[in-house]
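Chemist: with the input below, show me the fold.
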Amino acid sequence: MAKAIMIQGTMSNAGKSLIAAGLCRVFKQDGYRVAPFKSQNMALNSYITKENLEMGRAQVVQAEAAGVEPEVAMNPILLKPTTDMGSQVIVCGEVVGNMRAVDYFKKKRDYIPVIRAAYDKLAGEYDIIVIEGAGSPAEINLKQDDIVNMGMAKMADAPVLLVGDIDRGGVFAQLVGTVMLLEPEEQDRIAGLIINKFRGDVEILKPGLSMLTERCGKEVLGVVPYADVDIEEEDSLAERLLRKNRGQGIDVAVIRLPKVSNFTDFQALSLEPVVSVRYVEKTSELGKPDVIILPGTKNTIQDMIWLRESGLEAAILRLVGNMVTLLIGICGGYQMLGNTITDSCEAESASACEGRGKRTIRGMGLLPMDTGFEQKKTRTRVEGHTLRFTGDLEALSGKKISGYEIHMGRTESRCNPLLEVCENETTKYDGCYEKNVLGTYIHGIFDEEEFRQAFVKMLCDRKGIQYVQSDLSDFRAYKETQYDKLADLLRESLNMDRIYEIMGIER
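Modeler: Model prediction:
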């Protein structure tokens, strides 16, 4: 059976996912076969495996860092929030339904056999398992029947490294307070502390490290500097969602919907030298961008209502109507571009339809199409190419694309299709376009170099500025360099000899 190490944090966004990804890379570089694991992930960024099953992207990133194929055993339970009080529950890659938080809390113990089976499968195939916790292990209101922090550590008999975020301040209180709120047997599982996101002179910090060990009896295994690496982040706390500044070249404004999902779609686009990608929540932030993107969402109807009530819909319609801006919708954003959106009760939300039955709202009316939601979710990876266009979009004709679909809706379109794709050895059309408005269900289309560069060059020609070709010839290769950079950072800042010793492995 594999050796295990678990990364827990004092809070959400302490850096657990990044530390786990970096350790996966270090262990891979040292010759071990390593897999990530997170028993329960709450995230709106998800991924479709080669078996057409759905899992959280954080474990996909960690699997990439480990150099192994992502599989749902690495994330057996995924919760995708649809409202403030409920989530879609996905078990072993399949939707089991929508649940209110209180109902899921009562039921989560039933998933322990699923979690154990997934973990044991990986433990029988790999040398090392890097387990990630969620939130904080000291959330005392959630500790009953815990399946993701100390409960998971006990299940896997894994030593725990506790990560604190110094960038937010109060890291000593975070770490000491977390340890003190744990039961004695849980405290015994903590093998060391890590201070993350440090900026400044570590010599000034050292007296505090000694006092930290004295107060809670745990050794500090390292101080990790604020990481200057470009690696996918988790949902709502991602720093890239805070970008507001307009660049000098092509201005791309992504609407930050309340339930935005899979914003990782735009990471490769943001690396183009003439492109700046920013995220917009208010009409005052919108301006006159060259491109507006309506991204994916886990609750299309509620986010469509928010778009309308915020005034952003009216502002977007004015820009598009004046032919000032190119508008792109992806997945839920694509659905918003049509005439109507119909959601049968609880197809997309645990509570939005309660007592209402079938519900239809008006879309933006920019594309002649209608969307209806069903209980069955489309989950598939696709490859294909754009079709033949005319006008401004002609430069995009025949470009290779690849990506994946994750959606509950079925769209009936009556306009020009955008893509021809192969899905499970079956060819079909996807998306549609009219003038300066286009939409697609495919996530990840900007990851493909051929399409992305043609798209950016088209925008430059449209704006009358010089196109500068990116050095990013292969986005996947670029991500590999970032994982190596992260591993180098952890080797320099963590006591890796001691971490191997904690796991019971001789280097």
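Chemist: residue ranges with poor pLDDT in the stretch 351-500 of the chain?
Modeler: Low-confidence regions of the stretch 351-500 of the chain, defined by pLDDT under 70, span residues 351-358.
Chemist: quick one: the helices in it?
Modeler: The residue ranges that make up the helices of the stretch 351-500 of the chain, judged by DSSP state H, counting those that start in this stretch, are 449-463, 475-493, 496-503.
Chemist: ranking those by burial, who's on top?
Modeler: When neighbours are counted by mean count of other C-beta atoms under 10 Å, the highest per-stretch mean among those falls to helix 449-463, a mean of 18. The C-beta positions use only the backbone N, C-alpha and C, and glycine is treated the same way.
Chemist: which elements pack onto that helix?
Modeler: Packing contacts for helix 449-463, counted by 3 or more C-beta pairs under 8 Å, 6 or more residues apart in numbering; DSSP states H and E, involve strand 250-255, helix 267-270, strand 400-413.
Chemist: right, and the ones you listed - which one's nearest D343?
Modeler: When the helices and strands packed on helix 449-463 are ranked by distance to D343, counting by C-beta to C-beta, first place goes to strand 400-413 at 8.5 Å.
Chemist: which helices and strands does the closest one pack with?
Modeler: Using 3+ C-beta pairs under 8 Å, 6+ apart as the contact test, the elements touching strand 400-413 are strand 46-48, helix 332-336, strand 369-386, strand 419-423, helix 449-463.
Chemist: columns distance to V34 on top of the ones you listed, output as a markdown table?
Modeler: Formatted as a markdown table, the helices and strands packed on strand 400-413 follow (distance: least, C-beta to C-beta, whole Å):
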| stretch | distance to V34 |
| --- | --- |
| strand 46-48 | 19 |
| helix 332-336 | 35 |
| strand 369-386 | 24 |
| strand 419-423 | 32 |
| helix 449-463 | 29 |
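Chemist: who wins for proximity to P289 among these?
Modeler: With C-beta to C-beta as the measure, helix 449-463 is the member of those nearest P289 (10.6 Å).
Chemist: what's the angle between that closest one and strand 369-386?
Modeler: For the pair helix 449-463 and strand 369-386, the angle between their directions (axes from the mean of the first three to the mean of the last three C-alpha atoms, to 10 degrees) equals 110 degrees.
Chemist: OK, contacts around the closest residue to Q88 other than its chain neighbours?
Modeler: Beyond its immediate neighbours in the sequence, the residue positioned closest to Q88 (C-beta to C-beta, 6 or more residues apart in numbering) is K80, lying 4.5 Å away. Contacts of K80 were listed using C-beta atoms under 8 Å, 6 or more residues apart in numbering, and they are 42-44, 46, 87-88, 90, 261, 298.
Chemist: how much space between the residue with the largest distance to the centre of the chain and P159?
Modeler: Among the C-alpha atoms of the chain, the one most distant from their mean position (C-alpha atoms, centre = their mean) is that of E214, at 37.6 Å. Using C-beta to C-beta, to the nearest Å, we find E214 at a distance of 21 Å from P159.
Chemist: do S210 as well
Modeler: Using C-beta to C-beta, which is the criterion applied here, S210 is 22 Å from P159.
Chemist: who has more neighbours out of the two?
Modeler: Comparing S210 with P159 by other C-beta atoms under 10 Å, the one with more neighbours is P159, at 19 against 10.
Chemist: wait, that one sits on E501?
Modeler: No - counting by C-beta atoms under 8 Å, P159 stays clear of E501, with 10.1 Å between them.
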